[in-house]
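Q: Need a 3D model of the following:
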Amino acid sequence: MSRGVSAILLDAGGVLVFPQPGLLLPPLFAAGVFPDVAALERAHYRAMVVQDLAATPPEAGTWWRDYLTGYVAACGVPPERCNEVVRQIAEVTRGHAWSHVGTGATSGLRALAELGLPMGVVSNSDGTVEAELRHLGVCHAPGGHHPPDAGVRVGVVVDSAVVGVAKPDPAIFGIALNAIGVPAGETVLYVGDSLRYDVAGAVAAGLQPVHLDPHGFCPLPSGHPHVRSLAELARILERTGPVGLA
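A: Here you go, the predicted model:
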């Protein structure tokens with residue numbers, strides 16, 4: 001069923017999980033904006049475009065605040081209120097932000113798993129992503145204890161804080177591929193939501209990037225394939241294989 005695909009690796013943030021609405025909404029409501037969950041997920045992708053278009057990567061320790069600045073602006077917070085709302089959200093989300101399972105993420109991941117390909121997760125995170133994905137019932141890797149509702153079984157979950165290397169460094173993808181026993185190459189798909197970290201990192205590692213871009217926000221759309229959901233990717237691969245991603 002692979003139809004020319006040897007493995008699928010996925011990002012976590014923006015692909016499987018998103019910032020927790022329960023933590024974000026009180027500061028947003030206080031600023032006079034009232035987004036629903038769909039608007040919050042959409043704001044994530046707007047914030048990633050801001051990241052991708054920045055002339056230089058964020059300085060060490062500033063990524064989250066930079067991200068939130070684009071995020072709250074995308075939610076409709078007035079410019080004069082953005083800094084205060086960002087400060088409030090940064091405080092309440094410290095250490096436990098990415099705990100909302102994206103709309104359609106679980107069913108889309110299951111559809112990909114049904115293709116029978118080796119799979120894994122590669123994430124720039126803080127050391128918690130594997131436990132969080134298992135706790136949320138999204139996916140789990142071999143080893144250790146996991147409850148029956150721990151989600152799709154994947155071959156590996158690689159967390160940059162654990163392995164000491166982060167995207168777009170190609171070495172982080174090599175760690176994942178070694179764990180699942182698949183050589184690097186363009187038959188390996190890497191699904192992510194960022195040009196700077198995911199598309200560029202996958203290209204540097206010799207993999208085929210697939211940009212998860214539900215709203216068509218990609219500022220540089222030529223040169224790499226896009227899908228609007230994991231379920232769409234599963235349908236394409238089942239029907240035509242990677243040729244359908246052109």
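Q: CA atoms for contacts and neighbours, from now on please.
A: Will do.
Q: what does the helix or strand containing Asn178 contact?
A: Assigned by DSSP states H and E, Asn178 falls within helix 171-180. Contacting residues not belonging to helix 171-180 are listed as 118-122, 155-158, 160, 163, 165-166, 183-184, 202, 205 [C-alpha atoms under 8 Å, 6 or more residues apart in numbering].
Q: which among the residues you listed end up buried?
A: If you count burial by 16 or more other C-alpha atoms under 10 Å, the buried members of the contacts of helix 171-180 come out as 118-122, 155-158, 160, 165-166, 184, 202, 205.
Q: if you look at these, which of them are in strands?
A: Under the assignment DSSP state E, the buried ones among the contacts of helix 171-180 contribute 119-122, 156-158 to strands.
Q: and of those, the nearest to Tyr197?
A: For Tyr197, the closest of these turns out to be Val122, at 11.1 Å, with distances computed as C-alpha to C-alpha.
Q: Okay, strands next: where are they in the chain?
A: Counting by DSSP E, one finds strands in the chain at the ranges 7-10, 17-18, 100-101, 119-123, 139-140, 152-153, 156-159, 188-192, 208-212, 226-227.
Q: Distance to Arg46 and mean pLDDT added to those, as TSV?
A: Conversion of the strands of the chain to TSV gives the following (distance: least, C-alpha to C-alpha, whole Å; pLDDT from 0 to 100):
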stretch	distance to Arg46	mean pLDDT
strand 7-10	20	98
strand 17-18	13	98
strand 100-101	17	98
strand 119-123	19	98
strand 139-140	26	96
strand 152-153	28	95
strand 156-159	24	98
strand 188-192	14	98
strand 208-212	13	97
strand 226-227	16	97
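Q: Export the ones you listed as a markdown table, with columns for distance to Gly61.
A: Supplementary listing: those in a markdown table, determined by distance: least, C-alpha to C-alpha, whole Å:
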| stretch | distance to Gly61 |
| --- | --- |
| strand 7-10 | 24 |
| strand 17-18 | 19 |
| strand 100-101 | 23 |
| strand 119-123 | 17 |
| strand 139-140 | 28 |
| strand 152-153 | 32 |
| strand 156-159 | 17 |
| strand 188-192 | 22 |
| strand 208-212 | 25 |
| strand 226-227 | 30 |
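Q: what about Leu9, distance to Ala90?
A: Summarising the geometry, the distance separating Leu9 from Ala90, computed by C-alpha to C-alpha, to the nearest Å, is 29 Å.
Q: Those two: which has the busier surroundings?
A: Ranked by neighbour count (other C-alpha atoms under 10 Å), Leu9 and Ala90 place Leu9 first, with 27 against 17.
Q: domains in this protein, as residue ranges please.
A: Structural domains of the chain, as assigned by automatic domain parsing, span the residue ranges 7-16+99-245, 20-92.
Q: so of these, which one's packed in deepest?
A: Among the domains of the chain, domain 7-16+99-245 has the highest mean neighbour count (mean count of other C-alpha atoms under 10 Å), at a mean of 19.
Q: How far does that domain stretch from one end to the other?
A: End-to-end distance for domain 7-16+99-245, by C-alpha to C-alpha: 15 Å.
Q: Off-centre distance for it?
A: Here domain 7-16+99-245 is found 7 Å from its chain centre; the criterion is C-alpha atoms, centre = their mean, to the nearest Å.
Q: that older thread, right, and out of the buried ones among the contacts of helix 171-180, which lies closest to Tyr67?
A: Ala166 (17.1 Å).
Q: I figured the closest one hits Gly127, correct?
A: No - with contact defined as C-alpha atoms under 8 Å, Ala166 and Gly127 do not form a contacting pair (11.8 Å).
Q: Between those two, which contacts overlap?
A: Each of Ser160 lies in contact with both Ala166 and Gly127 under the rule C-alpha under 8 Å, 6+ apart.
Q: What are the contacting residues of stretch 153-162?
A: Contacts to stretch 153-162, defined as C-alpha under 8 Å, 6+ apart, come from residues 118-130, 139-142, 166-167, 172, 175-176, 179-180.
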